[in-house]
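# Got a predicted model here, sequence first, then my questions.
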Amino acid sequence: VLANALKVSKDKFESKGVKSVRARVTNIIDELPEKITVEQFRDLLLDYMKKEYPEMTEYVFSDNELAEINHIKETKFATWDWNYGKS
C-alpha cells in the first residue's frame, strides 16, 4: 500500500515542468573554416583589433600587478568554494 502511495504518474511531472530552450552557444573552433590553435586565434584577433582600432595600445602589467593577479587567482579563483561551492 505504501509503495503505491509513493508512485506519481509521469504526466504530473511533465505538466508542471517548464520546457528549456537550448542556448545558441557553440565552440569557436567548430565555426572556423579551418582548424587553428588558440595561439593562432589570439594573434588573428589581436591583428584584427589593431587594424580596426589603431588608437589601441598594449598595456603591460607591472611586476606588482602580476603578483597581485597571481595572489587573487590562488586565494580566490583557484579555490574549491569558488569553482564548486554554492552560487
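Thanks, I have the structure now. Residues are numbered from 1 along each chain as shown.
# give me the low-pLDDT residue ranges for the chain?
1-6, 8-18, 87 (pLDDT under 70).
# how far does the lengthiest helix in it sit from the chain's center?
If each helix of the chain is counted by residues according to DSSP state H, the longest one is helix 38-52. Distance, stretch centre to chain centre, for helix 38-52: 20 Å (CA atoms, centre = their mean, to the nearest Å).
# Need the contact partners of that helix.
Under the contact criterion CB atoms under 8 Å, 6 or more residues apart in numbering, helix 38-52 has outside partners 28, 36, 56. Just so you know, the C-beta spots here come from the backbone N, C-alpha and C atoms, and that holds for glycine as well.
# Kindly report the same for stretch 53-67.
49, 50, 69.
# Quick check: end-to-end length of that stretch?
Terminal residues of stretch 53-67 are spaced 30 Å apart (CA to CA, to the nearest Å).
# Quick one: buried ones out of the contacts of stretch 53-67?
The neighbour-count test (16 or more other CB atoms under 10 Å) marks none of the contacts of stretch 53-67 as buried.
# could the residues you listed go into TSV alongside distance to residue 43?
Formatted as TSV, these follow (distance: CB to CB, whole Å):
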residue	distance to residue 43
49	11
50	11
69	22
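# Just the C-alphas of the longest helix of the chain, formatted as CSV.
C-alpha atoms of helix 38-52 as CSV (Å, rounded to 0.1, in the frame of the first residue of the first chain):
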residue,chain,number,x,y,z
VAL,A,38,44.5,29.0,-29.6
GLU,A,39,47.7,31.0,-30.1
GLN,A,40,46.9,31.5,-33.8
PHE,A,41,43.3,32.6,-33.0
ARG,A,42,44.7,35.1,-30.4
ASP,A,43,47.2,36.5,-32.9
LEU,A,44,44.5,36.8,-35.6
LEU,A,45,42.1,38.5,-33.1
LEU,A,46,44.8,41.0,-32.0
ASP,A,47,45.8,41.8,-35.6
TYR,A,48,42.1,42.5,-36.4
MET,A,49,41.7,44.7,-33.4
LYS,A,50,44.9,46.7,-34.2
LYS,A,51,43.5,47.4,-37.7
GLU,A,52,40.1,48.3,-36.5
